[in-house]
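K.L.:
Here is a sequence with its predicted model. Questions after.
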Amino acid sequence: MSLSDHPRAYGTAAVAVAFVAGVLVTLGLKDLYPDLERRFQERKLARSRPRRATDARRRSSFFWGTIELQDRESSSLVPGATQIPRDNGISEGIEGCIGRTPLIKIHSLSEATGRTILAKAEFLNGAGNSPKDRVALHMIQVAEKDGFLKPGRGDTIYEGTVGSTGISIAALARAKGYKAHICMPNDQSLEKSDLLHHLGATVERVPVQPITSPEHFVNLARRRAKAHTESQADASVGFFADQFESPANYAAHLQTTGPEIYAQTGGRVDAFVAGAGTGGTISGVAKYLKEEARLRGLRVVLADPQGSGLYHKIQHGVMYSPTEREGTRRRQQVDSVVEGIGINRVTANLEAGRDLIDAAVRVSDGQACRMARWLVERDGIFCGSSSAVNCAAAVVAAMGLPKGSTVVTVLCDSGTRHLSKFWKQVAAMGLEDEASEPEDLFALLGIEKPK
């Protein structure tokens, strides 16, 4: 007797088989479902809780045994970046010490303002100890890719700089098989040129000249590079890095600094505050956060020292400084003890992100000196002049935002490079006498605290 002779028996058997199969499938999926649900929820909350691209988990299953789940789409948690590089164990040379710097909370400023003020610790970059490490490395890499530089040929990298970029170039040049020739104005701190000498660079300290002069330090570096290449003494060439105009400058921050800030904050940034020398940092970070990460509510604020014309350019559309006679555009150096930021022209790097800058804050030398001393006393942060300007401007920007907002700025370099000029001025103002310092940050900076 077969099942086909008894339809009811056949139907009962089919139902039984289906029931057993359903039980087995359910047992197999019961451990997998929580992982699927977890992945769905984590992707839903990705903007606030970014995960590493390498995140993987194992679960045991009755039906399939041990299974491994890997999130193949987690790179999208940092928009526009395939990944934020992180070495596993051993880094390749000094280049491995560049980037991925900590984002630290400055407690005293956060407590005083009622807003979270964070600072990218760029002085921890390992080659030249400033954000210029990113720029120098990227400019060299692009030049190598384009065939302008070739290791071992005896090539020399020429650059006009107030110091930090030159230090980064000098360190990386030696590591990658090049020589460095740095032209810098003679009003910069001696610590910088001394360090350049120790790094093996040729250094020319030249009198301050307007950008229109062929003897301006940038124009001199360009001319030196051209003369080297045209000399044909050997097969080597002179490469002019051109940090002020090279798109590789802001691209370095677009590709690294911006994504790092996004990942470290989970995309919770209400304002980004930075000064501009070449303009690469503020443009690159602004372009990433606003255009790639699409943080629509983000405010980008320029921190500008006294004597620079950029404050008026951003606020009023006219390049002008009170220390500069109207109609005269032949000045280059700003009248300030602050080094590294502030300029009286719009560079190609600044122009790349100028439309993304929402406002500017002017910081006087006195305010910068007082902020630098405040950070030492309250937070143990011994920073340089541009970092002090950034932090003072971050306080002003923070007070224009609701309580609880998050402001990110940059700690560019250590105060050890500013002893003979900026910190000498701090001491001359009597700020190292603890009794002279008021306890109120706003009173110290001469800023009116909003009610």
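P.N.:
Looks like it arrived, so ask away.

K.L.:
Contact partners for G152?
P.N.:
Residues counted as contacts of G152 (Cβ atoms under 8 Å, 6 or more residues apart in numbering) are G177. All C-beta spots, glycine's among them, are computed from the backbone N, C-alpha and C.

K.L.:
With D133 instead?
P.N.:
Per Cβ under 8 Å, 6+ apart, neighbours of D133: 98-99, 125-127, 168, 171-172.

K.L.:
got TSV for those, with neighbour count and pLDDT too?
P.N.:
Listed next are the contacts of D133 as TSV, based on neighbours: other Cβ atoms under 10 Å; pLDDT from 0 to 100:
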residue	neighbour count	pLDDT
I98	24	96
G99	23	95
N125	24	96
G126	16	94
A127	24	95
S168	30	97
A171	24	97
L172	25	97
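
K.L.:
helix, strand or coil for A119?
P.N.:
strand (DSSP: H, G, I helix; E, B strand; the rest coil).

K.L.:
isn't it right up against I106?
P.N.:
Yes - here A119 reaches I106: they are 5.6 Å apart, a contact under Cβ atoms under 8 Å.

K.L.:
Of these two, which one has the most company?
P.N.:
The residue with more neighbours, out of A119 and I106, is A119; 28 against 23, by other Cβ atoms under 10 Å.

K.L.:
tell me the contacts of that one?
P.N.:
103-104, 106, 387, 390-391, 394, 408-411 are the contacts of A119 under Cβ under 8 Å, 6+ apart.

K.L.:
repeat for A348
P.N.:
Here A348 is in contact with 244-247 (Cβ under 8 Å, 6+ apart).

K.L.:
Could you find the two of these that are most distant from each other?
P.N.:
F244 and P247 (11.2 Å; Cβ to Cβ).

K.L.:
Just want to know which of the two has more residues nearby.
P.N.:
More neighbours surround F244 than the other of F244 and P247, with 22 against 18 (other Cβ under 10 Å).

K.L.:
how about the helices in the stretch 151-300 of the chain?
P.N.:
164-176, 190-198, 217-231, 247-252, 258-265, 280-286 (DSSP state H, counting those that start in this stretch).

K.L.:
hey, where'd the strands end up in the stretch 201-350 of the chain?
P.N.:
Per DSSP state E, counting those that start in this stretch, the stretch 201-350 of the chain carries strands over the ranges 202-206, 238-240, 271-275, 299-305.

K.L.:
which stretch among those strands comes nearest V363?
P.N.:
Ranking the strands of the stretch 201-350 of the chain by distance to V363, with Cβ to Cβ as the measure, places strand 299-305 first at 5.8 Å.

K.L.:
Who are the packing partners of the closest one?
P.N.:
strand 271-275, helix 280-286, helix 310-316, strand 359-363, helix 385-398 (3 or more Cβ pairs under 8 Å, 6 or more residues apart in numbering; DSSP states H and E).

K.L.:
pLDDT on it, on average?
P.N.:
Taken as a whole, strand 299-305 carries a mean pLDDT of 98.

K.L.:
Neighbours of the residue nearest to H107 when sequence neighbours are not counted, how many?
P.N.:
In space, and not counting its chain neighbours, H107 is closest to D379: 6.2 Å by Cβ to Cβ, 6 or more residues apart in numbering. Residues lying near D379 (other Cβ under 10 Å) number 17.

K.L.:
Please report the distance of D379 from F239.
P.N.:
From D379 across to F239, the span is 40 Å (Cβ to Cβ, to the nearest Å).

K.L.:
One more: K226?
P.N.:
As judged by Cβ to Cβ, K226 and F239 stand 10 Å apart.

K.L.:
Equivalent analysis for N349, please.
P.N.:
Distance of N349 to F239, computed by Cβ to Cβ: 18 Å.

K.L.:
To T113, which of the helices and strands packed on strand 299-305 lies closest?
P.N.:
helix 385-398 (4.6 Å).

K.L.:
Return the alpha-carbon coordinates of that closest one using CSV.
P.N.:
Taking Å, rounded to 0.1, in the frame of the first residue of the first chain, the C-alpha atoms of helix 385-398 are listed here in CSV:
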residue,chain,number,x,y,z
SER,A,385,51.4,81.1,19.4
SER,A,386,49.1,79.9,16.7
SER,A,387,47.6,77.3,19.0
ALA,A,388,46.8,80.0,21.5
VAL,A,389,45.1,82.1,18.9
ASN,A,390,43.0,79.0,17.9
CYS,A,391,41.9,78.4,21.5
ALA,A,392,41.0,82.0,22.1
ALA,A,393,38.9,82.1,19.0
ALA,A,394,37.3,78.7,19.9
VAL,A,395,36.1,80.3,23.2
VAL,A,396,34.5,83.2,21.3
ALA,A,397,32.9,80.8,18.7
ALA,A,398,31.7,78.5,21.5
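
K.L.:
could you say what helices and strands the very next helix or strand once past it packs with?
P.N.:
Using DSSP states H and E, the helix or strand that follows helix 385-398 in sequence is strand 406-411. Applying 3+ Cβ pairs under 8 Å, 6+ apart, one finds that strand 406-411 makes contact with strand 116-121, helix 258-265, strand 271-275, helix 385-398.

K.L.:
Dead centre of this protein: give me the residue that sits there.
P.N.:
By Cα atoms, centre = their mean, the chain has its centre lying nearest to T257, at 3.7 Å.

K.L.:
and E339, how far is that from D440?
P.N.:
As judged by Cβ to Cβ, E339 and D440 stand 28 Å apart.

K.L.:
So if I had to pick from the two, which one is more boxed in?
P.N.:
Between E339 and D440, E339 has the larger neighbour count (other Cβ under 10 Å), namely 27 against 11.

K.L.:
show me the residues around the residue nearest to I341 when sequence neighbours are not counted that make contact.
P.N.:
Distances taken as Cβ to Cβ, 6+ apart put G275 closest to I341, at 3.2 Å, once the chain neighbours are dropped. Neighbour list for G275: 281-282, 302-305, 340-342, 386, 389-390, 393 [criterion: Cβ under 8 Å, 6+ apart].

K.L.:
Redo these as CSV? Include neighbour count and distance to Y288.
P.N.:
Output for the contacts of G275, formatted as CSV (neighbours: other Cβ atoms under 10 Å; distance: Cβ to Cβ, whole Å):
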residue, neighbour count, distance to Y288
T281, 31, 11
I282, 31, 11
L302, 28, 17
A303, 33, 19
D304, 29, 22
P305, 30, 25
G340, 28, 22
I341, 29, 20
G342, 29, 24
S386, 29, 21
V389, 35, 22
N390, 27, 18
A393, 29, 20
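
K.L.:
closest to P214 among these?
P.N.:
Nearest to P214 among the contacts of G275, with distances taken as Cβ to Cβ, is G342, at 23.0 Å.

K.L.:
Nothing else from me, thank you.
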